[in-house]
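Colleague: Model the following, please.
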Amino acid sequence: MTFLPESVQEYVGLNVTMRLRQLLLLCVAILLGIFFVSVYLTSGAGGLDPPSISFPSGHADSGGGSGEQESSLIVRRLANDRQDGGTNGVPRPGKDVLPVEAEREKCQFIHIAVVCAGHNSTRTAMTLIKSLLFYRSSPLHLHVLADGPAQLILTTLFDTWDVANLSVSYYLTDKVKSFIDWIPNKHYSGVYGLMKLVLPHILPEDLYHVVVLDTDIVFASDVAELWRLFEGFSDQQALGLVENQSDWYLGGIWKNYKPWPAKGRGYNTGVILMDLPKLRALNWMAVWKRVTERDLPIMQSTALADQDIFNSVLKDFPEMVYDLPCTYNAQLSDHSKSKELCLESQTGFKVIHWNSPKKMQVKHRLGRYYRDDYLTFVAHDGNLLRRGVLGCSNMSIEERESGVIFDESCYDFERLADLKFRTHLYFIDYDYRSGGPTDLTLVAQLSFDRLQMLEPLCDHWNGPISLALYMTDAEAQQFAEFVLDSEMLSSRRNIGWHIVYKDGAVYPVNYLRNVALSQANTPFVFLTDIDFLPMYGLYDVLKDAIVQTDLLNQETKALVVPAFETQRYRFSFPANKSELLPMVASGDVIAFRWDIWPKGHGATNFSRWMEATSTYTVEWEPDYEPYIVVNRNVPRYDNRFGGFGWNKVSHLMMLAVKGYELIVLPNAFIIHMPHAPSIDIAKFRSKSQYRKCLTRMKQEFVRDLAKVYGMKATKYLIS
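Modeller: Presented below is the predicted three-dimensional model:
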């Protein structure tokens, strides 16, 4: 063995140590470089666009063609989505995509289509949408195929709901009825139950994927999980469906019925994933029409609406369908075998479908459990769902309000002027057309604790009514049950029931009045309060008075209906003025609030009214707040006034400034019925800050009146 001198050994040792140190420093430098480069790329620094995404060949998003063509098409879609803010469905990125793309995908819109027609269907649609919003992790774009009433209801609802990261597009059913109204349909959904067939034809050309849902569905999971299943589609698969969970298409439910052709058990169309480019490439409209024309002479009509036709098509073209996991459409009908076919082999249902005409009353072993789940969303406060998706830009209502400066001591009052109250018009079925040029609608508002006034009101007034009801989501459901359980109320189709959902500590009385007033579809309106009962026959009396006072030709006239009150709960209501006068003489009936607030109705001049046989004109006086009949184009109430105090006074002052003539009717009256005082009256009487805030609002209103009308308003401002 050869030995080196000590000096050489020492030199070699030092040299090796230095090289090891250099190597270690080089490794550290490389690691730091990799770290900073990754941070640079994921943060989008320097204004660079994210790199193009490469998808594995064979990804079937384009509906056919080579993997290279598919990848190119997908990249183009991503580029388009960056430009238009994400209005198209985009497939989930591949494994080689950087985290920034995963975040970008999270903020892409998931597109959902529903058919919603009629007043009542909007209630079930809202429960579906609440469940979608509750679980969502991505922005949603709703495509709603609606008739005229449903579009009005939903447009108002979404505008006032003001949910972040939610957009809505509407498509009128009248424009597509001709495509399907030639098909006889025995299903309770009628012609609307066939409209999902035409969605590929009417939805935008630049929309690629859409989840189609029935409105009698509630989600128990994030819809993004369902959306990602588009990734599993093959080149030929254009529809994603869950197998039907009853024996309907097997012919094992009833005797002597013949189901439409279907593949095996068939498929339920309550949940559909549609790949729209593929369906259009297959000429979907022509395909289903040809199959229907072939089978209809034999079947005579559809029994399950569009579901029969979808199944007949898939019987001929089974390669079109992608089988979704059964948990994404758990069907709860009387004959459903969802428990045996699905639940026992799964961890739980992700989408619950009440696909029975009985809905919540269905006889199903799992019905009771999932009914509670459904009713939880019915009662859930929709205001809590206004916030957007974390990390996706879209200002929530709280963020927008953060820039407004309110006086904290009067915050609840000041926010009334601009606050959007979630509003659901025509909560229950409505069908009324104006009955002529003198027709009029009774307009009022109420809270849940005044429901007992509804039946007496309907007994006294047979004309149209427009009511705004201030309630929580849970109370609204109880109210609907209350109406439907009442023979008198449920039989009336000329009452517009408009729900305004609770938000804040002050009762928004003038906002409610404006909602009810805006939905009156008659030439004239009778502006009253819910705790007054009209004299019997007042509807016809007022129509005659409209003619006699020439209200038809003079919009700036207001007919005053004198208001009385009684403190008796058991009370024989006077049929006419002749029966009323002895009650006034005995003290059983008095002029409204005459002993507490004589200014409110003193200008009506009750002494003169007792003797009057013809109309007479009165002058406006400070704090006058009569109940009146006016043209429906009357100026709206000032939303700043909520709770108790000056809400009607401010409105009458506005009419006076505008030159309205006040005409008292000699043979008309209403009577206030006794009830417990409202919370707002109690606050007014007991809290000095409440009264201070009201005084401030009065002053602001008067100043605003002066700014608009100048000298013309001087008389009213001084008083």
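
Colleague: quick one: contacts for residue 647?
Modeller: Applying C-beta atoms under 8 Å, 6 or more residues apart in numbering to residue 647 gives the contacts 509, 510, 513, 637, 638, 641. (C-beta placed from N, C-alpha, C; glycine too.)

Colleague: Counting only helices, which of those make the cut?
Modeller: Using DSSP state H, the members of those that fall within helices are 509, 510, 513.

Colleague: ok, residue 378 touching residue 127?
Modeller: Yes. With contact defined as C-beta atoms under 8 Å, residue 378 and residue 127 form a contacting pair (5.3 Å).

Colleague: quick check, nearest of the contacts of residue 647 to residue 556?
Modeller: residue 637 (17.2 Å; C-beta to C-beta).

Colleague: before we move on, back to that, can you pick the most crowded of the contacts of residue 647?
Modeller: residue 641 (27 neighbours; other C-beta atoms under 10 Å).

Colleague: tell me the phi and psi of the nearest residue to that residue once chain neighbours are set aside?
Modeller: Among residues not flanking residue 641 along the chain, residue 647 sits closest, at 4.1 Å (C-beta to C-beta, 6 or more residues apart in numbering). Backbone torsions of residue 647, given as degrees, to the nearest 10, read phi -70, psi -40.

Colleague: circling back to that earlier point, so for residue 378 and residue 127, which residue has more residues nearby?
Modeller: More crowded of residue 378 and residue 127, by other C-beta under 10 Å: residue 127, with 23 against 19.

Colleague: Give me the below-cutoff pLDDT ranges for the stretch 301-450 of the chain.
Modeller: Along the stretch 301-450 of the chain, segments meeting pLDDT under 70 span 333-334, 336-339, 341, 343-347, 355-369, 394-407.

Colleague: could you show me where the strands are in it, in order?
Modeller: Along the stretch 301-450 of the chain, counting by DSSP state E, counting those that start in this stretch, strands occupy 321-323, 330-331, 351-353, 423-424, 440-447.

Colleague: show me what contacts residue 712?
Modeller: residue 657.

Colleague: Provide the secondary structure category for it.
Modeller: Three-state assignment for residue 712 (DSSP: H, G, I helix; E, B strand; the rest coil): helix.

Colleague: Just the closest of the ones in helices among the contacts of residue 647 to residue 155, please.
Modeller: Taking these together and measuring to residue 155 by C-beta to C-beta, the closest member is residue 513, at 21.0 Å.

Colleague: is it true that the closest one touches residue 446?
Modeller: No. Applying C-beta under 8 Å as the test, residue 513 and residue 446 come out as separate, 11.0 Å apart.

Colleague: Can you pull the residues that touch both of these two?
Modeller: Common neighbours of residue 513 and residue 446 (C-beta under 8 Å, 6+ apart) are residue 468.

Colleague: Looks like residue 561 contacts residue 615 (just checking).
Modeller: No. In terms of C-beta under 8 Å, residue 561 does not count as a neighbour of residue 615; the distance is 11.7 Å.

Colleague: intersection of neighbour lists for the two?
Modeller: Joint contacts of residue 561 and residue 615 (C-beta under 8 Å, 6+ apart) are residue 665.

Colleague: the more surrounded of these two?
Modeller: Counted by other C-beta under 10 Å, residue 561 and residue 615 do not tie: residue 561 has more neighbours, with 24 against 16.

Colleague: OK, contacts around that one?
Modeller: Residue 561 neighbours (C-beta under 8 Å, 6+ apart): 526, 528, 534, 538, 542, 626-629, 665, 668-670.

Colleague: go with 7 Å
Modeller: 627, 629, 665, 668, 669, 670 (C-beta atoms under 7 Å, 6 or more residues apart in numbering).

Colleague: ok, so what distance separates the fifth one from residue 482?
Modeller: It refers to residue 669. Using C-beta to C-beta, to the nearest Å, residue 669 is found at 29 Å from residue 482.

Colleague: Those two: who's more crowded?
Modeller: For residue 669 versus residue 482, the count of surrounding residues by other C-beta under 10 Å is larger for residue 669: 24 against 17.

Colleague: Just give me how far stretch 269-281 sits from the chain centre.
Modeller: 26 Å (C-alpha atoms, centre = their mean, to the nearest Å).

Colleague: Report the rounded mean pLDDT for it.
Modeller: Computed over stretch 269-281, the mean pLDDT rounds to 97.

Colleague: Can you say which helix or strand has the spatially most central residue of the chain in it?
Modeller: In the chain, the centroid-proximal residue (C-alpha atoms, centre = their mean) is residue 157; its distance is 3.8 Å. In this assignment (DSSP states H and E), residue 157 forms part of helix 148-161.

Colleague: Would you indicate which residues of that helix are buried?
Modeller: 149, 150, 151, 152, 153, 154, 156, 157, 158, 160, 161 (16 or more other C-beta atoms under 10 Å).

Colleague: Which positions are bridged to the closest residue to the second one other than its chain neighbours in the beta structure?
Modeller: Of all residues beyond its chain neighbours, the one nearest residue 150 is residue 116 (4.8 Å), with distances taken as C-beta to C-beta, 6+ apart. Note on residue 116: beta-bridge partners residue 146, judged by DSSP bridges.

Colleague: from memory residue 116 sits against residue 215, does it?
Modeller: Yes. Using C-beta atoms under 7 Å, residue 116 is in contact with residue 215, at 5.9 Å.

Colleague: Between those two, which contacts overlap?
Modeller: residue 125.

Colleague: So which of the two has more stuff around it?
Modeller: For the pair residue 116 and residue 215, the greater number of neighbours falls to residue 116 (24 against 21), based on other C-beta under 10 Å.

Colleague: Residue 225: which of the strands of the stretch 301-450 of the chain is closest?
Modeller: strand 351-353 (9.8 Å).

Colleague: Give me the contacts around that closest one.
Modeller: So strand 351-353 is contacted by 214, 216-220, 270-271, 328-332, 370, 373-374 (C-beta under 7 Å, 6+ apart).

Colleague: who does that strand pair up with?
Modeller: When DSSP bridges is applied, strand 351-353 pairs with strand 217-219 (antiparallel), strand 330-331 (parallel).
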